[in-house]
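A.B. asks: based on what follows, work out the 3D shape:
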Amino acid sequence: MWNEAVIEIDGVSPEQCFDFVTNPSNCKAWNPMCVELNAFVPKDSQTEVPGESRAVMQEGMDLKYQFRMGGNTETMDGLVRIATPSSAFAMGFKDSQFLIEVGFHFQKSGNGQGTKIMHFQDTGFRNPCMLLMYPVVWLAIRSQVHKEIKLFADAVKRGKKED
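C.D. replies: Residues are numbered from 1 along each chain as shown. Model prediction:
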């Protein structure tokens, strides 16, 4: 189930957008469901300490995402799937119900003074019973993606994270 939103912002480069999104502590600034996002050196790393927390996400890093769902705090494990500087960033997450891919694409805006941002979420169901909820979930995610891209643009323009 694919949802995407596009926005252009002036005065912010694709590099600034990429740097912002790859800092896990900034996730709360654009994702209102986020309680905490942590990035870790992969368990099979041969060059770094496996499991060590990092302040900048890179391709292949393990993720632990805590989020609010209803009145509860839930957790999903994830992986940084794409981290192409100044261009694209995507994370994949899974739990017992869903497989979720969330990401951004960045490119210079048409006037060259800003950035065109495409934000997407692709959601798959691991539980066949959840397919009955498809229309409701699709509408909720569509609304969420449009809200998140506006929050992302505002936070990047301010140039700081929100706690």
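A.B. asks: scan the chain for its longest helix.
C.D. replies: The longest helix of the chain (DSSP state H) is helix 134-158.
A.B. asks: from the chain's centroid, how far away is that one?
C.D. replies: Here helix 134-158 shows a centroid-to-chain-centroid distance of 11 Å under the convention Cα atoms, centre = their mean, to the nearest Å.
A.B. asks: what's it packed up against?
C.D. replies: Applying 3 or more Cβ pairs under 8 Å, 6 or more residues apart in numbering; DSSP states H and E, we find helix 134-158 packed against strand 2-10, helix 14-21, helix 27-30, strand 114-125. Where you see a C-beta, it was placed from the backbone N, CA and C, and this is true even at glycine.
A.B. asks: tell me the phi and psi of the closest residue in space to residue 24 that isn't next to it in sequence?
C.D. replies: Closest residue to residue 24 in three dimensions, ignoring its sequence neighbours and counting by Cβ to Cβ, 6 or more residues apart in numbering: residue 37, at 4.3 Å. Note on residue 37: its backbone torsions stand at phi -130, psi 130 [degrees, to the nearest 10].
A.B. asks: residue 85 too?
C.D. replies: With angles defined as degrees, to the nearest 10, residue 85 sits at phi -50, psi 130.
A.B. asks: need the helix or strand of the protein with the lowest average pLDDT.
C.D. replies: One helix or strand of the chain scores below all others by mean pLDDT, DSSP states H and E: strand 53-54, with a mean of 75.
A.B. asks: quick one: mean pLDDT over whichever helix or strand comes after that strand.
C.D. replies: Scanning forward in sequence from strand 53-54 by DSSP states H and E, the next helix or strand is strand 62-69. When pLDDT is averaged over strand 62-69, the result is 94.
A.B. asks: packing partners for the helix or strand immediately after strand 62-69 in the chain?
C.D. replies: Next helix or strand after strand 62-69 toward the C-terminus (DSSP H and E): strand 72-84. Identification of packing neighbours for strand 72-84 by 3+ Cβ pairs under 8 Å, 6+ apart yields strand 62-69, strand 88-94, strand 98-108.
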